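Engineer: need coordinates for the below:
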Amino acid sequence: MAKQAETLFLEEWLRSNSGRDGSSGPPFSVSARAIIHAWTELRDSLQKQSFLPNHFQSLRTLFDSQSSLYVADPQARLLLSILSSSNLSLPHESYPLFLRLLYVWVRKSTKPSSVLVDSSVEVVARLFSIQFDTRKSAALFSQGILLLGAFAAVPVASQHSKTVCLELLCRLLEQEYRLIGSSEELIPDILAGIGYALSSSGMAHFARILDSLLGIWSKEGGPRVNVSHGIIVLHLIEWVVSGFLNSRSLDKIEVFSKAFIEISRISYIPFAVVMAAAGVLRASSKTVLSGVGLDAVSSLRTCAEERIEAVARDLISKTEGSTNLVNDPEVACLLQCVSVALVRSGPVSCRAPLLTCLALVLLTEIFPLRKFYTTILNHPRDNLAGMVNEVKEHLGSVLFKEAGAITGVFCNQYVSVDEENKGVVENLIWAYCQDIYLGHRQVALVLRGEEAELLGDLEKVTEAAFLMVVVFALAVTKHRLNSKFAKENQMEISIKILVSFSCVEYFRRMRLPEYMDTIRGVVVSVQENVSACVSFVESMPSYADLTNQKGFSSLQKMEYQWYKDEVQTARILFYLRVIPTCVERLPNLTFRKIVAPIMFLYMGHPNGKVARASHSMFVAFVSSGKDANHDERVLLKEQLVFYYIQRSLEGYPGVTPFDGLASGVATLVRHLPAGSPAIFYTIHSLIEKANNLCGEVFAQEVDMWKNWQGESQPCKKILELLLRLISVVDVQVLPSLLKLLAQLIIQLPKDGQNMVLNEIYSLVAESDDVTRKPTLVSWVQSLSFLCAQATSRSTSSKGLESEENSASTSSMGPLSWNRISARL
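Structural biologist: Below you'll find the model as predicted:
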């Protein structure tokens, strides 16, 4: 925070801290020539005793240049002379400008004349005492409060002048407070004047001014209560208290402590008390005192924390600690203020009511997704412009920008409260994850393709909500998953975290270390226990729920297609990635009834990433099963293989990713028992698929076979897979594989045969398997001979027209055999 001495214009500092523009002046600059000319015009006005439109324009020029303007004592004397002249008829709108220029003088002048300051106070006091009723306006009121406060804070002002300023300021605040509510953009100016006054007043005026500051918000016609105004109050009190602490003014600290403790007992609007208390905490957390000063500050901090806790406890009683009951605008605003207060206060003692309030504000005010979803789903789709504006406004709000900081305070409070209150907020967060999953599913399906802008803005909110959930879950993991808690409790909380993460997986847009650390921590707890694994799997949506829109009244008129439900797909993708880590302990029946149907369903998903995850699930299951029920698991694996191959090949090429299919086939031939019918079925199916694919390209792409290493066609990929199986399948299956492969290769064109034979030569030559290598050598020699024979018969049947090609084939025979011998 800037120290009091460094704050030139307090109102600008308050605006900048509240998220508003830091300057109330215009953004353009005024030339030095224009400023000199403006002063000349005003002197001319005084000399001629007339105030014409050109003089008002000169006054406006000086006002516009206030950020760079320096007003010296002679110029201040000129302004006072014009204001006090009885012969000049000044327009009403000129008075706020004159007062502003006097304010610039008194704030920028390092040592103004004490006589001139006292004269200025007399002129301003006369203006407000005699003429204010006829010239009453919000602008004049705000500039008057600002100037009176600034005069009271000038060190060279006489005590009489200070008393006059403070008395007049108190009277204006007490009698004309309605003007504050009529022009809220001027509130920083008014509160800055109050701040100046508080920094320089004694006990009598201090209590009255503080009473006005905290009391105006509850008065009829007073200013509106909102977070932005609350932040201004917070930083105003911070500025005042910091000034006392930095100057070691123990008497003023004592005055403030007595006044604050006294007013805290009075029934002020909670909004003002909370923000003032937060200002006290923020200021006191940045200053180190000792002795009497330390005692005074300690008691002040204690009082401030108790005030905030009391307001939080009252809020919880009104909402009953439930996010569903936060529907009162006043309650919602107060929740927002409590959260901002706790973020900007610095270190605050951990108290259960504060934790619950932070949870409520995060789930209902900072990430009000449930409210947004309800409004959108109940609103006509052709009239959502108001909703677009509301979401954009929320994204730009101070509260949303503080989401990260509020989440940090929330997690800090969570660590230190009792276990009962920890459990309460945990359940609130986990339930919220379920709610926004269901809500966003419907909204995404309704808006997609129609309201892309609204959906994009909503997902900015959901992304921030995801980050909040992850950070909180990591805090829970660090606290709960240790030896202090029973294994059952650890497993329960681990499952809840995983389920919650699955619900918000769609909103994950980056790879977070906190996310990965949390998942690693909870997965360890789950995979150690069979019942925990089963509970986690059973939390997955059922096949029936995934494939229909049951329960979505807003989608009854729409055709539901499960693969277009991106929110649901992201959740299932999370399960497909996590379940393999615990599939070893998953009972066969659970996998068969719950996991397998969903796994096979999403193998047909058009998103390659999702389909690959399904294949990885199959690979994990087939490679698992070193337990007592090994025979039952093997039987289930063999049963699933038949449908796996059918499902995979019917989607290839197109939907089925080849790398997923290849890994699945390689895994099943390695882990199923030797000679398993499922392996024979797999090989027959692959050969049949290769036959079909190769037949489709024979007529269309004659040159495809000339370059094996080029862009692989689907038929080439299947052939490559079959060739790799030669060195993987067991010796009981190998003869069948070789026979079927030979039949397939013989049917290929000459270029295709040569390319495949080259690959086989390399494979056999590099093999160090002494069991199968003799068989392979014999087979490849026979295959080469058969290919040569097939080519010879084919070319001789073409007659004289093909004589040249036939001769070429015959001449290549011996060369091929020599090559075989050399490479093998």
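Engineer: SS state for Gly279?
Structural biologist: Following DSSP: H, G, I helix; E, B strand; the rest coil, we place Gly279 in the helix state.
Engineer: where's it relative to Val241, distance?
Structural biologist: Using CB to CB, to the nearest Å, we find Gly279 at a distance of 7 Å from Val241. C-beta: built from backbone N, CA, C; applies to glycine.
Engineer: mutual contacts of those two, please.
Structural biologist: Common neighbours of Gly279 and Val241, using CB atoms under 8 Å, 6 or more residues apart in numbering, do not exist here.
Engineer: between these two, which is the more surrounded one?
Structural biologist: For Gly279 versus Val241, neighbours defined as other CB atoms under 10 Å are more numerous around Val241 (30 against 26).
Engineer: tell me if I'm right that that one and Ala277 touch.
Structural biologist: No - the criterion here is CB atoms under 8 Å, and Val241 misses it with Ala277 at 11.0 Å.
Engineer: dump the residue contacts of Lys258.
Structural biologist: Residues in contact with Lys258 (CB under 8 Å, 6+ apart) are Met203.
Engineer: can you give me the pLDDT of it?
Structural biologist: Model confidence at Lys258, given as pLDDT, is 78.
Engineer: so which bits of whichever strand or helix holds it are buried?
Structural biologist: For Lys258, the host element (DSSP states H and E) is helix 250-264. Buried residues in helix 250-264, counted by 16 or more other CB atoms under 10 Å: 252-257, 259-260, 263-264.
Engineer: and for stretch 748-756?
Structural biologist: For stretch 748-756, by 16+ other CB under 10 Å, it's 748-750, 752-756.
Engineer: so which helix or strand of the protein has the lowest pLDDT on average?
Structural biologist: The least trusted helix or strand in the chain, going by mean pLDDT, DSSP states H and E, turns out to be helix 803-823, with a mean of 42.
Engineer: list the ones among the buried residues of stretch 748-756 that fall in helices.
Structural biologist: Those of the buried residues of stretch 748-756 mapping onto helices are 750, 752-756, per DSSP state H.
Engineer: now the residues you listed as CSV including distance to Gln131?
Structural biologist: Below are these laid out as CSV (distance: CB to CB, whole Å):
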residue, distance to Gln131
Lys750, 110
Gly752, 104
Gln753, 109
Asn754, 108
Met755, 103
Val756, 105
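Engineer: out of these, who's nearest Ala486?
Structural biologist: The closest of those to Ala486 turns out to be Val756 (CB to CB; 61.5 Å).
Engineer: skipping its backbone neighbours, what lies nearest that closest one in space?
Structural biologist: Excluding the flanking residues, the one nearest Val756 by CB to CB, 6 or more residues apart in numbering is Ile745, at 5.3 Å.
Engineer: now do the same contact list for Arg135.
Structural biologist: Taking CB under 8 Å, 6+ apart as the test, what Arg135 contacts is 92, 95.
Engineer: Three-state assignment for it, please.
Structural biologist: Going by three-state DSSP: Arg135 is coil.
Engineer: ok, now Gly449?
Structural biologist: Secondary structure, three-state DSSP: Gly449 is coil.
Engineer: how much space separates it from Lys564?
Structural biologist: Here Gly449 is placed at a distance of 10 Å from Lys564 (CB to CB).
Engineer: what's the answer for Tyr506, then?
Structural biologist: 13 Å.
Engineer: these two - which one has more neighbours?
Structural biologist: With neighbours defined as other CB under 10 Å, Tyr506 and Lys564 compare such that Tyr506 has more, 25 against 13.
Engineer: so the more buried one makes contact with Arg571?
Structural biologist: Yes - between Tyr506 and Arg571 there is a contact at 6.9 Å, judged by CB under 8 Å.
Engineer: for those two, list the residues in contact with both.
Structural biologist: Common contacts of Tyr506 and Arg571 (CB under 8 Å, 6+ apart): Tyr437.
Engineer: got a list of what the residue nearest the centre of the chain touches?
Structural biologist: Centroid-nearest residue in the chain, with CA atoms, centre = their mean: Ala464, separated by 1.4 Å. With contact set as CB under 8 Å, 6+ apart, Ala464 has these partners: 367, 400, 403-404.
Engineer: tell me which element it is part of?
Structural biologist: Using DSSP H and E, Ala464 sits in helix 452-480.
Engineer: picking that back up, residue contacts, the residue nearest to Val756?
Structural biologist: By CB under 8 Å, 6+ apart, the contact set of Ile745 is 752-753, 756-757, 783, 787.
Engineer: show me the two of these that sit farthest apart.
Structural biologist: The widest separation within the contacts of Ile745 (CB to CB) is 13.1 Å, between Gly752 and Leu783.
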